[in-house]
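S.K.: Any chance you can model this:
(chains A and B, ligands or ions: 1)
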Amino acid sequence: MKLILTALRQEARPIIEGLELKHDPASRKIPVYAREGTLLVVSGIGKLYAAVATAHAYHIAGQPENCHLFNIGMCGGATDNVQLGQALRIHKIWDAANGREYFPDILLEMPLEDASLGTFDKPVKASNRPNLTCDLVDMEASGIFQAAHLFMSPLQMTFIKVVTDYLSFTPGDYPEMIRYFEESAESWLPILKETVDLDLMNRVLSSDQERFLSEVVKEMRFTKTQSLQLMEAAAGYVVRGGKDLEFFKPVLKIRPKHKSVRNEVFNSMLKDLNR
Amino acid sequence: MWLRRYSHIYLEEGAEDFELAQTVLRKLGKATVVRIRNYKDIFARPGQNFQLQKQSPKLILARKKANFIYKGSMASQDFGYKNFYYNTLQLNCVYNCDYCYLQGMYPSGNSVVFINDCDFFEHTRQAIKSRPFPKEPLYLCISYDTDLLAMESFIPYTSRFVEFTRSEKDLVIEVRTKSANWSSMANVEPNHRCILAWTLSPPSVAAKYEKLTPPPEKRIVTINRYLERGWPIRLCFDPVLQVENWEQIYGDFMRFVFAKIPASQICDVSLGVFRMNSDYFKRIKKQRTDSDLFYRPYEKQNSFVSYPEGQRQQMMETLKLVLQEFLPPEKVEVWL
Ligand code: SF4
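M.R.: Residues are numbered from 1 along each chain as shown, chains lettered A, B, ... in the order given. Here you go, the predicted structure:
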């Protein structure tokens, strides 16, 4: 499941078009766009709104354990080493208000350079650029990180920021800033399309196998302890290369009427799995 | 899909002042450097995933501020040395063995390298002076929770400790490794108080359970080069795993090893079965779906998980006999 957060509708537009997302009319206060496996939420400006939108996205997505969160947005360049229209992946987020630093894991290859980002509560003036120790400046990322970290691992988060100004702009510059952002989409939209969820659940048994074993437990009226032992033995069987649990199917035909028969069936199942 | 290993170096505030940090930064010149305040901000973040981070591990360069040397625990092999200590120059390892307890001990798959070698040397000197048994040397394991020699080409810690040991007459060090690294130590003069200890497992076991390590055949070639140069060498058949047909697999392998390596030139051999702290075992089992090692019938004894006692005894007795075909009994240290 991909969860995407942008602050502005203009930032969402190339994503909505590129990923063919549909507006969800049920969500009116916080705009949501979705399709199978992808959900985009527009938070509004500022880290508080961003944090609320992050939690909202995670909950309406059904609190998926395997998911990847992207924050894509415009930002100001605090150094001349970054170019207008350049998209960068963030390796450090510094919250200017509380001074804390947050680190998304950088594990996957992406065709973007890295940068550090400062999240500020108010727009930063160009005159402050010499005092900044970060490469880029935004108003949301630290809020998103903090909220997301309650639900997911730092390796499930990717922050991509596009430089649209050097901290000195007027409302008249907005169209050009939006243009920089939209034109950069070709460098980061494929990342959104192609990144696959990292498997964090570490399940040995597939949901089908778990369902099948639960059925066996129910039919055989195994005790709680027997059920745990059976699951453990089945996991060991699968890890050791056992292909499927189909060979238990005939067992399901037995309807044990006595504890002794049930225990016999249980022991023979364990024996088969531990072979 | 995964970024190359050590694509990023996290540099703790003040760490850059140390020459060893500069060496690492120079050797890994292509890495992106990220400045951090404290190594724990990266290494101890909640919600990390050891195995996924191992796919693209990062290096954290930090300054150790306390605990430069630890007293060896009862659960470790002291090889008869009464003043037995170890240190942690690095947290985590370049390799990723299935049976490694580090997966359960550390919250992160990234590696921390403490770059203030001068402080480690100073505290080691103090420990030598105040060692409880002054007639015996201080025995220090420097590659305890890691594999230093494997990283020697860009973190020259082994050679530095060898030089330090040369000037400390009452110090003996052990460097445990699985590496096949010869070139970065080729010009270092051997020292009889620096024991290089190689862990060896049969090729089929190494291929399955010692991920990322060089094959045992390569390790054996490397061991011979060090032997020829005059380094004291220890061999560790530890942990022995109860794989199917273990008797033959390990027996044949030991005979193969001593057909290649002259047993008379080896300091000693250690032999031990798989064992692990039970809390670490539980933690690792939750994370790993790819290793059958965690789905065997073990027995818990004194907070350690291992094979049932009778089986452990039998494994050690059997393999000790094989080793005694080549070495006198006093050269074989068995660890049950
Ligand atoms: S070489 Fe040693 S420290 Fe490294 S992963 Fe293997 S067992 Fe652990």
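
S.K.: can you tell me how far B:Glu131 sits from chain A?
M.R.: No Glu there; residue B:131 is Arg. For B:Arg131, the distance to chain A equals 41 Å [CB to the nearest CB, to the nearest Å]. Quick note: C-beta positions are derived from backbone N, CA and C, even for glycine.

S.K.: again, but for B:Lys27
M.R.: Counting by CB to the nearest CB, the gap from B:Lys27 to chain A is 20 Å.

S.K.: Enumerate every residue touching that residue.
M.R.: The contact partners of B:Lys27, by CB atoms under 8 Å, 6 or more residues apart in numbering or on different chains, come to B:153-154.

S.K.: how close does the most centrally placed residue in chain A get to the ligand?
M.R.: What sits nearest the mean C-alpha location of chain A, by CA atoms, centre = their mean, is A:His68, with 2.0 Å. A:His68 sits 28 Å away from the ligand, going by CB to the nearest ligand atom, to the nearest Å.

S.K.: Same check on B:Phe304?
M.R.: B:Phe304 is 16 Å from the ligand, by CB to the nearest ligand atom.

S.K.: out of everything not next to it in sequence, what's closest to that residue?
M.R.: B:Arg275 (5.1 Å; CB to CB, 6 or more residues apart in numbering or on different chains).

S.K.: how close does the one you found sit to chain A?
M.R.: In this view, B:Arg275 and chain A are 19 Å apart by CB to the nearest CB.

S.K.: Which residues lie in contact with whichever residue of chain B sits closest to chain A in this structure?
M.R.: Nearest residue of chain B to chain A, counting by CB to the nearest CB: B:Tyr295, 3.1 Å away. B:Tyr295 sits next to A:232, A:235-236, A:239-240 when contact means CB under 8 Å, 6+ apart.

S.K.: Which parts of the chain are helices?
M.R.: The chain I'm using is chain A. A:9-19, A:47-60, A:141-149, A:174-194, A:207-220, A:224-239, A:259-274 (DSSP state H).

S.K.: Chain B was what I was after
M.R.: B:19-27, B:40-43, B:50-53, B:102-105, B:117-129, B:157-167, B:203-209, B:216-229, B:246-260, B:278-287, B:309-323.

S.K.: tell me which strands and helices the fourth one is in contact with?
M.R.: Spelled out, it's helix B:102-105. Applying 3 or more CB pairs under 8 Å, 6 or more residues apart in numbering or on different chains; DSSP states H and E, we find helix B:102-105 packed against helix B:278-287.

S.K.: near chain A at all, the helix it packs on?
M.R.: Yes - shown here: helix B:278-287 in contact with chain A (CB under 8 Å from any CB of the partner chain) through B:286-287.

S.K.: now that helix and helix A:224-239, what's the angle there?
M.R.: 70 degrees (axes from the mean of the first three to the mean of the last three CA atoms, to 10 degrees).

S.K.: what about helix B:278-287, near the ligand?
M.R.: No - Helix B:278-287 lies out of reach of the ligand by CB under 6 Å from any ligand atom, never closer than 11.5 Å.

S.K.: ok, now stretch B:73-84?
M.R.: No - Stretch B:73-84 is not in contact with the ligand by CB under 6 Å from any ligand atom; minimum separation 13.4 Å.

S.K.: sorry, back to before: now that we have the contacts of B:Tyr295, which of them are buried?
M.R.: The neighbour-count criterion (16 or more other CB atoms under 10 Å in any protein chain shown) marks A:235-236, A:239 among those as buried.

S.K.: Of these, which is the nearest to chain B?
M.R.: Taking the buried ones among the contacts of B:Tyr295 together and measuring to chain B by CB to the nearest CB, the closest member is A:Gly236, at 3.1 Å.

S.K.: sorry, back to before: burial of the residue nearest to B:Phe304, as a residue count?
M.R.: 21 (other CB atoms under 10 Å in any protein chain shown).

S.K.: Chain A contacts on chain B?
M.R.: So far as CB under 8 Å from any CB goes, chain B lies against chain A at B:1-3, B:7-8, B:10, B:32, B:34-37, B:41-42, B:45-49, B:52-53, B:55-56, B:58, B:286-292, B:294-297.

S.K.: And those, which of them are buried?
M.R.: The neighbour-count criterion (16+ other CB under 10 Å) marks B:3, B:7-8, B:10, B:34, B:36, B:41-42, B:45, B:48-49, B:52-53, B:55-56, B:58, B:287-289, B:291-292, B:294-295 among these as buried.

S.K.: Just to be sure, which of the residues you listed are found in strands?
M.R.: With strands taken from DSSP state E, the overlap with these comprises B:8, B:10, B:34, B:36.

S.K.: State the pLDDT value of the residue nearest to A:Asp173 when sequence neighbours are not counted.
M.R.: Excluding the flanking residues, the one nearest A:Asp173 by CB to CB, 6+ apart is A:Asp165, at 6.8 Å. With respect to pLDDT, A:Asp165 scores 97.

S.K.: Which strand residues bridge A:Asp165?
M.R.: On the basis of DSSP bridges, A:Asp165 is bridged to A:Gly76.

S.K.: unless I'm mixing things up, it is touching A:Val82, no?
M.R.: No - here A:Asp165 does not reach A:Val82: they are 10.9 Å apart, not a contact under CB atoms under 8 Å.

S.K.: out of these two, which sits in the more crowded spot?
M.R.: A:Val82 (21 against 18).

S.K.: For the nearest residue to the more buried one once chain neighbours are set aside, which residues are in contact?
M.R.: What sits nearest to A:Val82 in space, not counting adjacent residues and going by CB to CB, 6+ apart, is A:Val163, at 4.9 Å. Contact analysis of A:Val163 by CB under 8 Å, 6+ apart lists A:75-77, A:82-86, A:88, A:136, A:180.

S.K.: got it, and B:Leu271?
M.R.: B:236-238, B:240, B:316, B:319-320, B:323, B:332-335.

S.K.: what about the chain, any weak spots by pLDDT?
M.R.: Reading this off chain A. Residue ranges of chain A with pLDDT under 70: none are present.

S.K.: not quite, I wanted chain B
M.R.: Using pLDDT under 70, chain B drops low at B:74-76.

S.K.: tell me which parts of it are close to the ligand?
M.R.: Within chain B, the positions adjacent to the ligand are B:93, B:95-97, B:100, B:102, B:146-147, B:178 by CB under 6 Å from any ligand atom.

S.K.: Counting neighbours, what do you get for B:Arg176?
M.R.: Neighbour number of B:Arg176 under other CB under 10 Å is 22.

S.K.: ok, so what distance separates it from B:Ala197?
M.R.: As defined by CB to CB, to the nearest Å, B:Arg176 lies at a distance of 5 Å from B:Ala197.

S.K.: Pull up the overlap in contacts between those two.
M.R.: Joint contacts of B:Arg176 and B:Ala197 (CB under 8 Å, 6+ apart) are B:Cys236.

S.K.: Return the residues in contact with residue 28.
M.R.: Using chain A here. Going by CB under 8 Å, 6+ apart, A:Arg28 touches no other residue.

S.K.: my bad, chain B
M.R.: By CB under 8 Å, 6+ apart, the neighbours of B:Leu28 are B:6, B:9, B:59, B:154.
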